[in-house]
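[1] Below are the sequence and a predicted model; questions follow.
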Amino acid sequence: MHKEYYINTLTPDLSFTDFFLVKSISIRTGSNRKMYLDVSLGDATGEINGKKWDVTDDEAIALDAIRDGDLVRVKAEVTEWNGLLQLRILRIRKAVKEDQLDVSDYIKTAPEPPEEMFDYVYGRAESVTDPDLRGLTLRFLDDNKEKLLYYPAAMRNHHAELAGLLYHIKRMLMAGEKMCEIYEFLDRDWVVCGVILHDMEKLNEILSNEWGISPGYTTEGQLLGHLVQGVKAVDRMAREAGMPEEKALMLEHMILAHHYEPEFGSPRRPMFPEAEILHYLDMLDAKMYDFEDALAGTLPGEFTPRVRTLDGRFLYKPTFAPTFSKEDERIHE
């Protein structure tokens, strides 16, 4: 069945029926002591929250059969709350085989083939001249290739898509190469290895299915987070490889400091230039992803809804901008 309504094309007051992928779902009790459904729905273009109010006991039993990762048919109205679009769900059911859905319509995927992205990242690691850094980084890539080909970079934020972590690493590497050309005092080996390793332990921080959908955190990920997990992994593998202690400490510092602020998980700020540039490469790619993602499907001369990951800002697409992005062309063909 052909999908008609994509999330990045929804507008306030629209009533529609279509299929979506369940990212998360729960039944809650409001202040009025009535049950309601709280569900996060996704497709190839994005994610949107939906609510079904005044859920009855019988409805709750039926809704309990819907799980994260299920495809569902939804009848809903688009509303706006605090500047964000939301669905007021009237009906919802699990999809059945007879619906004949194309799963690619519902899976948000990085725009490049995972194998090609992995080969690019691996090639950059192979080009590192320092044998200690090269060996350690290649071992991380060899050990984690299978997961890297499908893992998202996050549950909800930037690059939360199939092979999103790999796409994030690749674009950071591309930007990092340019930064090393401009700021010639930077040591390219440290920039390359820092980029590849900085988020590697997200593979063990969050859970993910084969479609790059994350339902939550691992126990270790919830207790420690990928920064601490990354330091532990580098420390262990550096000891096994006999890496000089100073080099291991510098890699661990890059991982620990790349969030920059204590409130974002970093107990230290960067203390050498390659660690500093790693932070800004990470932030730049995350922000540009959010801009690109939010503006996809927005017509020239119009504003997006508030973008939560960009401080709730409205974004504007100028009138001289192309009408459709490559993603829009795929959706509107």
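    All right, it came through fine. Numbers count the residues shown, from 1 in each chain.

[2] Name the single longest strand found in this protein.
    Taking DSSP state E as the criterion, the chain has its longest strand at strand 15-29.

[3] Point out the other helices and strands that that one packs with.
    strand 35-43, helix 57-63, strand 71-81 (3 or more CB pairs under 8 Å, 6 or more residues apart in numbering; DSSP states H and E). For every residue, glycine as well, the C-beta is placed using N, CA and C.

[4] now with 10 Å?
    Secondary-structure packing of strand 15-29 (3 or more CB pairs under 10 Å, 6 or more residues apart in numbering; DSSP states H and E): strand 35-43, strand 46-55, helix 57-63, strand 71-81, strand 84-94.

[5] can I get the CA coordinates of it in CSV?
    Written as CSV, here are the backbone C-alpha positions of strand 15-29 (Å, rounded to 0.1, in the frame of the first residue of the first chain):
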residue,chain,number,x,y,z
SER,A,15,-7.3,15.0,9.2
PHE,A,16,-5.9,11.8,7.7
THR,A,17,-5.5,8.1,7.9
ASP,A,18,-2.1,6.4,7.3
PHE,A,19,0.5,4.0,8.6
PHE,A,20,3.4,4.7,10.9
LEU,A,21,6.1,3.0,12.8
VAL,A,22,5.8,2.9,16.6
LYS,A,23,9.0,4.3,18.2
SER,A,24,7.6,4.2,21.8
ILE,A,25,4.2,3.6,23.3
SER,A,26,2.7,3.7,26.8
ILE,A,27,-0.7,4.1,28.5
ARG,A,28,-0.7,6.7,31.2
THR,A,29,-3.1,8.2,33.7
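
[6] what mean pLDDT does that strand have?
    For strand 15-29, mean pLDDT rounds to 93.

[7] do stretch 60-74 as well
    90.

[8] And it, end to end?
    End-to-end distance for stretch 60-74: 16 Å, by CA to CA, to the nearest Å.

[9] where's Val191, which helix or strand?
    Using DSSP states H and E, Val191 falls within helix 188-198.

[10] mind checking how far the helix or strand that that helix is followed by is from the chain centre?
    Counting by DSSP H and E, the element after helix 188-198 in chain order, helix or strand, is helix 202-205. Relative to the mean C-alpha coordinate of its chain, helix 202-205 is positioned 13 Å out (CA atoms, centre = their mean, to the nearest Å).

[11] how about helix 202-205 as CSV, C-alpha atoms only?
    Extracted C-alpha coordinates of helix 202-205, given in CSV (Å, rounded to 0.1, in the frame of the first residue of the first chain):
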residue,chain,number,x,y,z
LYS,A,202,27.1,4.3,21.9
LEU,A,203,27.0,0.8,20.4
ASN,A,204,26.9,-0.5,24.0
GLU,A,205,25.1,2.5,25.6
